[in-house]
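Undergrad: Can you look at this prediction? I've put the sequence above it.
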Amino acid sequence: MRRFHFRLERVLAVKKQREKLAEIRQQQARARWEEARAECARIEEELLHNAVESAARLRQAAALGTWQAHYERAAQLEEWLRAARRIADEAEARLREANRLRIQASLEVEALLSLRAREWETYCRDAGRRRQNDLDELGMQRWLAQRAASPFAVREGNEEDEL
C-alpha cells in the first residue's frame, strides 16, 4: 500500500513560514505602536508638568524672560506632541495592516490544513477498503481451499462420486 502524500505539503510549509513572518511583523508593529503611545504619554505628562509649574509661577512675580521660556517650552512640547501623535497614528495604521496580513496568512494555512485533513481521511477510508477487500479475497481463497480439501467435495473426473 502506498504511503500518504499530501501534494500541497511544500505549499503548506511555505504558507506556515509566511504566517510566522507575519506574526513577527505584527509583534514588531505592536511594539512600535506601544513605544509611540508611551512617547505621547511622556510628552503629555511633561506638558502637564510645565503647565502646573507655569501656574505656580503665575502667582509669583517673575521676570519676563521666565514667562517667555515657559511659553516657548509649552509651544515646543505641543509641537512634539503633535509629531508623536502623528507617529502613533502611523504606527497604528501599520499595526492594523500587520494584523490583516497575519489573519490572511493564518486563514491560508488553516485552509491547507483542512484540505490535508480531508485528504488524510479519504486516504484512511480507501486504505481500509483495500485492506478489507484483501481480507475478503484471502478469506475466499481459504474457504475455497478448505472446501476442495473436504472429504465431501465434489471432484471432477471421479466416476464413483457421480453415481
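TA: Thanks, I have the structure now.

Undergrad: contacting residues for the spatially most central residue of the chain?
TA: In the chain, the C-alpha closest to the average C-alpha coordinate belongs to S106, at a distance of 3.7 Å (C-alpha atoms, centre = their mean). Shown in contact with S106 (C-beta atoms under 8 Å, 6 or more residues apart in numbering): 19, 22. C-beta: built from backbone N, CA, C; applies to glycine.

Undergrad: how many other residues sit next to I43?
TA: With neighbours defined by other C-beta atoms under 10 Å, the count for I43 comes to 19.

Undergrad: same question, A83
TA: Residues lying near A83 (other C-beta under 10 Å) number 13.

Undergrad: Helices along this protein, start to end?
TA: In the chain, the segments counted as helices under DSSP state H are 9-58, 64-149, 159-162.

Undergrad: could I get those helices as JSON lines with mean pLDDT and distance to R2?
TA: JSON lines is the format used below for the helices of the chain (pLDDT from 0 to 100; distance: least, C-beta to C-beta, whole Å):
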{"stretch": "helix 9-58", "mean pLDDT": "92", "distance to R2": "15"}
{"stretch": "helix 64-149", "mean pLDDT": "92", "distance to R2": "9"}
{"stretch": "helix 159-162", "mean pLDDT": "50", "distance to R2": "47"}
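
Undergrad: right, so the ones you listed: which one is the most enclosed?
TA: Of all the helices of the chain, helix 9-58 carries the top mean neighbour count, a mean of 15, counting by mean count of other C-beta atoms under 10 Å.

Undergrad: so what's E19 closest to, chain neighbours aside?
TA: When the adjacent residues along the chain are set aside, E19 lies closest to A105, with 4.1 Å between them (C-beta to C-beta, 6 or more residues apart in numbering).

Undergrad: The one you found: what's it in contact with?
TA: Applying C-beta under 8 Å, 6+ apart, one finds that A105 lies in contact with 15, 18-19, 21-22.

Undergrad: Equivalent analysis for K16, please.
TA: Contacts here follow C-beta under 8 Å, 6+ apart; on that basis K16 touches V109.

Undergrad: Distance of it relative to W120?
TA: Between K16 and W120 the computed distance is 17 Å (C-beta to C-beta, to the nearest Å).

Undergrad: Kindly report the same for L144.
TA: Here the distance between L144 and W120 works out to 36 Å (C-beta to C-beta).
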